[in-house]
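In: Got a sequence here, can you build the structure:
(4 chains)
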2 protein chains.
Amino acid sequence: MNASYHHGDLRSATLQLGMERLESQEQPELGLRALARDLGVSATALYRHFPNKDALLDALALEGLNRLGRNQAEAGAAAGGGRAGFAEVGATYVDWAVEHPALLRLIYTRVGKVDVDIDDPSAMGEAFHQLRKGIAAAMPEGLTPEDRTVATLRAWSLVHGLAMLILDGQVDYDPAMVRNIVRTSVVTPAKAP
Amino acid sequence: MNASYHHGDLRSATLQLGMERLESQEQPELGLRALARDLGVSATALYRHFPNKDALLDALALEGLNRLGRNQAEAGAAAGGGRAGFAEVGATYVDWAVEHPALLRLIYTRVGKVDVDIDDPSAMGEAFHQLRKGIAAAMPEGLTPEDRTVATLRAWSLVHGLAMLILDGQVDYDPAMVRNIVRTSVVTPAKAP
DNA sequence: CGATCAATGATAACAGTGTCAACATAAGTC
DNA sequence: GACTTATGTTGACACTGTTATCATTGATCG
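Out: This is a model prediction of the structure:
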């Protein structure tokens, strides 16, 4: 009997199962015992692959962040340039958040914690940097570097806040409304009174 | 000896202690045993005043939401009308969030949960409605009702998202930068291409 | 005033959690 | 083939929210 003591690649299997739950359930069961049980393994076996539960959640959050970044990069490539394209990229962020609520929440819950891990402490920061670059890349041209920074930050804040308000049930999700808000917010600030 | 079996007003004392921790600590200890110990009372005594821990946290979140709404109302009254006043109200939201990070997180974690309580199920919703009204009240005049709705939503999303990004360590807090972003985002959308 | 009852508190226990120490088994290496 | 390393298991510990049961106080009413 081959399927016995040693699993083969328990770490990958754990992350895959956790990812499935994060994508399919609103409040996923991420307890160590529950995960281990469904993996056909003992709870403490996970400690051979993750130093503790936080590290497991961090790994899941990092994977989610990578997927989000990929999603934004694809949207940016598909939507073309200009203001319309930039707005579509922003709206895509909201769409993705609505489709993966638990995952987005996990990302923004885990990031910015005190212990960011040991092996690669800048993993999260790097992934976020990619996300930032993705947003900036789709931005209309002809802006000063300073204006680009402000515009990036404003766009990110807007879509992130809108997504959070929708996830928290404060605002109903309506793709058309999202696109309307995002589109009318993409402005090239020329002068400030 | 007077200070004995009965506390007097344990419910208020519990909420006050919880509030103090939420305002003074970044990751406050809100465990039932920890709270009860510092209140000089047994853990299970809290169950005479709250059906469970979630209800306690909901009560704290509601109190925090009321304080936030009060803060916004004051800022709106103080900042006068016009775009500049409206922008100042938005910036005040971010300031408050930076000053009370744990409290803001609790509010947006607790709201939109499945069981919103029994005695007054619309308490949270009502408080949020007040917040929404406070934002809308400070808005520049001369907009159609539909534009007002969109503008309110955009302003709320922007400041909430910006606050969250600052709280999560993705963006450094700089009051001047916050006001710059908010100010340049207050626009009266006349036409959409 | 004194008896009764509801409100509020304490104790002990239960199931569940993350985590660790000690032991068991498989895979890899010289 | 023996030894070492990687991986998985069992049992236990401290901790959590929660409940059942009992104790004490304050209030109500004849």
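In: low-confidence ranges in chain A?
Out: Low-confidence segments of chain A, defined by pLDDT under 70: A:1-7, A:112-126, A:187-193.
In: Tell me which residue lies nearest the centroid of it.
Out: For chain A, the residue nearest the mean C-alpha position is A:Leu65 (3.7 Å; Cα atoms, centre = their mean).
In: contacting residues around that residue?
Out: Each residue near A:Leu65 by Cβ atoms under 8 Å, 6 or more residues apart in numbering or on different chains is listed here: A:107, A:111, A:124, A:127-128, A:131. From N, CA and C alone the C-beta is placed, and that goes for glycine too.
In: One more: A:Leu153?
Out: B:162, B:165, B:171, B:181.
In: Point me to the helix or strand that includes the residue of chain A at minimum distance from chain B.
Out: Closest contact between chain A and chain B, by Cβ to the nearest Cβ, is at A:Gly161 (2.6 Å). In the assignment (DSSP states H and E), A:Gly161 maps to helix A:145-167.
In: Show me which residues of that helix are buried.
Out: Neighbour counts over helix A:145-167 (16 or more other Cβ atoms under 10 Å in any protein chain shown) mark A:150-167 as buried.
In: In space, what's closest to A:His49 - neighbours in sequence excluded?
Out: Among residues not flanking A:His49 along the chain, A:Arg11 sits closest, at 4.0 Å (Cβ to Cβ, 6 or more residues apart in numbering or on different chains).
In: Look up how far B:Arg132 lies from that neighbour.
Out: Using Cβ to Cβ, to the nearest Å, A:Arg11 is found at 46 Å from B:Arg132.
In: Which of the two has more residues huddled nearby?
Out: More crowded of A:Arg11 and B:Arg132, by other Cβ atoms under 10 Å in any protein chain shown: B:Arg132, with 18 against 14.
In: Run the angle between whichever strand or helix holds the more buried one and helix B:145-167 for me.
Out: B:Arg132 is part of helix B:123-137 when elements are defined by DSSP H and E. If you take axes from the mean of the first three to the mean of the last three Cα atoms, to 10 degrees, helix B:123-137 sits at 110 degrees to helix B:145-167.
In: what's helix B:123-137 in contact with?
Out: Helix B:123-137 has contacts (Cβ under 8 Å, 6+ apart) with A:170, B:58, B:61-62, B:65-66, B:68-69, B:72-73, B:76, B:89-90, B:110-111, B:116-117, B:148, B:152, B:155-156.
In: In helices, which of the residues you listed fall?
Out: Among the contacts of helix B:123-137, DSSP state H puts B:58, B:61-62, B:65-66, B:68-69, B:72-73, B:76, B:89-90, B:110, B:148, B:152, B:155-156 in helices.
In: what residues are up against A:Val98?
Out: Going by Cβ under 8 Å, 6+ apart, A:Val98 touches A:163, A:166-167, A:173.
In: so, in contact with chain B or not, stretch A:164-181?
Out: Yes. Interface with chain B: stretch A:164-181 contributes A:164-165, A:167-171, A:177, A:180-181 (Cβ under 8 Å from any Cβ of the partner chain).
In: Quick one: those as JSON lines, columns for distance to DNA strand D too.
Out: Formatted as JSON lines, the residues of stretch A:164-181 next to chain B follow (distance: Cβ to the nearest atom of the strand, whole Å):
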{"residue": "A:Met164", "distance to DNA strand D": "25"}
{"residue": "A:Leu165", "distance to DNA strand D": "27"}
{"residue": "A:Leu167", "distance to DNA strand D": "23"}
{"residue": "A:Asp168", "distance to DNA strand D": "21"}
{"residue": "A:Gly169", "distance to DNA strand D": "22"}
{"residue": "A:Gln170", "distance to DNA strand D": "25"}
{"residue": "A:Val171", "distance to DNA strand D": "29"}
{"residue": "A:Met177", "distance to DNA strand D": "37"}
{"residue": "A:Asn180", "distance to DNA strand D": "41"}
{"residue": "A:Ile181", "distance to DNA strand D": "38"}
